[in-house]
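can you look at this prediction? I've put the sequence above it.
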Amino acid sequence: MFDAAVIGAGPAGAVTAIGLARHGYRVALFDAGSRMPGRYDRLPPYAIEFLKYQDLLPAAEQALVSIPPGSLARWQEDEPLFTPGPHHILDRDCFDRALVAIARHSSVSLFAHCARRPSFFGGRWHIPSGLAQVESHFLIDASGRASNQRRQGAATAAICGILTGVRLPEMRTEAAPNGWVWGAPVAANSAAVSVFLARKHCAGLTQATREALYRQTLQQRLLFRKCANANLAGPLMVRDATPCAHPDPVAANRAATGDACLALDPLLSHGLQIAFRLATQAAAVCHTVLSGAGGPDAAIEFFRTAQRATLAQHLAGAARLYSEHRTHAEEPFWLERSRIEPSPEPSAEVRPEAMYRLSALVRPEPVPALLPNGLIGRVEGFRHPAYARPIAFLSGVPAATFLPALAAPATLADLAKRCERLIAPAQAQKLLTGLVRSRVLVAAV
């Protein structure tokens, strides 16, 4: 009998299992081993910081294949733009296996079988797998995209290949009339190159016609033309790249995480970052329920709200990036993906000399929050229409502690002085500027 069972051993599933094991729970992790060799992902800076904090960085170091010195993009205009800065490129197959090894060393019980459909009866989950049946109190679904998810954007597919005998000196991104292309060096003379197209253009293709479409797209792109005739290290793989979300990602005895909870547009390169965040949140929900020390209702509200807010934020972010493209902006691919939902109000202008006070729309109340001990409970915070989720902390400090200092009208400089007992002056200035722009602080009249 396990406290928790995690189905799926990708980054989200493995990190969730590790987190729960470190809290002292008996955890079962199902690893079907059906990974996608030849998949490479970018590891963004936030994800690196997360791995350092969680003592998981060795998994990334084992899987690191290249650090391009910058990125070259042909996106907004025809002229390529180089942006300096390292980009950490990981071999996902190697990275996933390294995380599973850390999970095993963290006392997670590994089941190298595919978990069949779980069922809940008798107050516990029953998960058939191989010749055995695993029982657990809590179930975490990290099995990836599923048919019950709701599509949240235009249907997109990625044709992914590893090309040999070709060198890319940096990470590259380029727009095409009917899609876009991403590539990065993965060895001295090898590159991972993916073509993103409307899913309907990839449906029903044979391997030969798929390769012809892939090579034709590369041939027509300035930054990838020399890749068009390179040798393929293996067959091309097709992945669904459509944004989608689980309609009901959490309940009193289960949670979904990773792509099973939320899969976002790859244009943002936030896949691993979101996987780690969802893993942390799913582990916190499970920890809260199993320990009985937090608030199960608060945990469910927190997880649902976080999923919806993350989805809305990233849909808007992807739409803005698509809308920045100009050359093929009137093509169907770009029109379908660049529709930005109108913002209720633009950001307010910040006027240092003006008098500001707390908006009447601020509603102080206990709100769900992830606490430093890994539990989810309610803390004194506030809600405001500008924020998709309730605000529990500001600059790492409980939000409610700021409200008395912001109630009486004052200039931003005076408000910052009132906040100095809570946070450093530079932090106070930045925080107050953000509160003005979001209209939590409004001009006193």
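That came in fine, so what should we check first? Numbers count the residues shown, from 1 in each chain.

helix, strand or coil for the most centrally placed residue in the chain?
Residue closest to the average C-alpha location in the chain (Cα atoms, centre = their mean): Ile274, at 1.9 Å. State at Ile274, reduced to three classes by DSSP: H, G, I helix; E, B strand; the rest coil: helix.

residues in contact with stretch 395-408?
Outside stretch 395-408, the residues within contact range by Cβ atoms under 8 Å, 6 or more residues apart in numbering are 357-358, 362, 364, 379-382, 391-394, 415, 418-419, 422-423, 427, 431, 435, 441. C-beta: built from backbone N, CA, C; applies to glycine.

let's see that with 6 Å instead.
358, 379-382, 391-394, 418-419, 422-423, 427, 431 (Cβ atoms under 6 Å, 6 or more residues apart in numbering).

just the CA coordinates for it, please, in CSV.
Output in CSV follows, covering the C-alpha atoms of stretch 395-408 (Å, rounded to 0.1, in the frame of the first residue of the first chain):
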residue,chain,number,x,y,z
SER,A,395,8.1,40.3,-2.6
GLY,A,396,8.0,37.2,-0.5
VAL,A,397,6.1,38.9,2.4
PRO,A,398,2.5,38.1,3.3
ALA,A,399,0.4,40.5,1.2
ALA,A,400,-1.9,41.6,4.0
THR,A,401,1.0,43.2,5.9
PHE,A,402,1.4,45.8,3.2
LEU,A,403,-2.3,47.0,3.2
PRO,A,404,-2.2,49.2,6.3
ALA,A,405,0.9,51.0,4.9
LEU,A,406,-0.9,51.7,1.6
ALA,A,407,-4.3,52.8,2.9
ALA,A,408,-3.7,56.5,3.5
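
go through it and flag the buried ones.
399-400, 402-403, 405-406 (16 or more other Cβ atoms under 10 Å).

adding secondary structure, distance to Leu375 and pLDDT, write those residues out as TSV.
Below are the buried residues of stretch 395-408 laid out as TSV (DSSP: H, G, I helix; E, B strand; the rest coil; distance: Cβ to Cβ, whole Å; pLDDT from 0 to 100):
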residue	secondary structure	distance to Leu375	pLDDT
Ala399	helix	18	94
Ala400	helix	19	93
Phe402	helix	23	94
Leu403	helix	24	94
Ala405	helix	28	93
Leu406	helix	28	93
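
closest to Val6 out of those?
Nearest to Val6 among these, counting by Cβ to Cβ, is Ala399 at 32.4 Å.

from Leu432, how far off is that closest one?
Look at Ala399 and Leu432: by Cβ to Cβ, to the nearest Å, they are 13 Å apart.

quick revisit: could you turn the buried ones of the contacts of stretch 395-408 into a ChimeraX selection?
Buried members of the contacts of stretch 395-408, defined by 16+ other Cβ under 10 Å, are picked up in ChimeraX with:
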select :358,379,381,382,391,392,393,394,418,419,422,423,427,431
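
which ones among the contacts of stretch 395-408 map onto strands?
358, 379-382, 393-394 (DSSP state E).

can you redo those residues as JSON lines with distance to Ala299?
JSON lines is the format used below for these (distance: Cβ to Cβ, whole Å):
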{"residue": "Leu358", "distance to Ala299": "29"}
{"residue": "Val379", "distance to Ala299": "13"}
{"residue": "Glu380", "distance to Ala299": "18"}
{"residue": "Gly381", "distance to Ala299": "16"}
{"residue": "Phe382", "distance to Ala299": "20"}
{"residue": "Phe393", "distance to Ala299": "17"}
{"residue": "Leu394", "distance to Ala299": "22"}
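
of those, closest to Arg304?
Once Cβ to Cβ is applied, the member of the ones in strands among the contacts of stretch 395-408 that ends up nearest Arg304 is Gly381, at 16.7 Å.

so in terms of bridging, what pairs with the closest one?
Glu365 (DSSP bridges).

residues contacting it?
367, 390-392, 399-400.

7 Å instead?
The neighbours of Gly381, taking Cβ atoms under 7 Å, 6 or more residues apart in numbering as the test, are 367, 369, 390-392, 399-400.

Phe121: which of the residues you listed is nearest?
For the contacts of Gly381, with Phe121 as the reference and Cβ to Cβ as the criterion, the closest is Ala369, at 33.3 Å.

quick check on the closest one: phi, psi?
phi -150, psi 150 (degrees, to the nearest 10).

what is the burial count for it?
By other Cβ atoms under 10 Å, 21 other residues sit near Ala369.

if I look at the residue nearest to it when sequence neighbours are not counted, how far off is Ala424?
Leaving out its chain neighbours, the residue that sits closest to Ala369 by Cβ to Cβ, 6 or more residues apart in numbering is Ala392, at 3.4 Å. Per Cβ to Cβ, Ala392 is found 20 Å from Ala424.

same question, Val108
From Val108 to Ala424 the distance is 40 Å (Cβ to Cβ).

check what pLDDT Arg117 gets.
Per-residue confidence (pLDDT) for Arg117: 89.

the residue nearest to it when sequence neighbours are not counted and Ile7, how far apart?
Once flanking residues are discounted, Arg117 sits nearest to Pro128: 7.5 Å by Cβ to Cβ, 6+ apart. The gap separating Pro128 from Ile7 is 11 Å, by Cβ to Cβ.

looking at these two, which is more packed in?
The neighbour comparison of Pro128 against Ile7 (other Cβ under 10 Å) goes to Ile7, with 27 against 15.

specify the beta-bridge partners of that one.
Where Ile7 sits in a bridge, its partners, by DSSP bridges, are Phe30, Asp141.

residues contacting it?
30, 115, 141-143.

scan those and report the most crowded one.
Ala142 (29 neighbours).

pretty sure that residue is touching Ala5, no?
No: contact criterion Cβ atoms under 7 Å: Ala142 and Ala5 do not qualify, at 10.4 Å.
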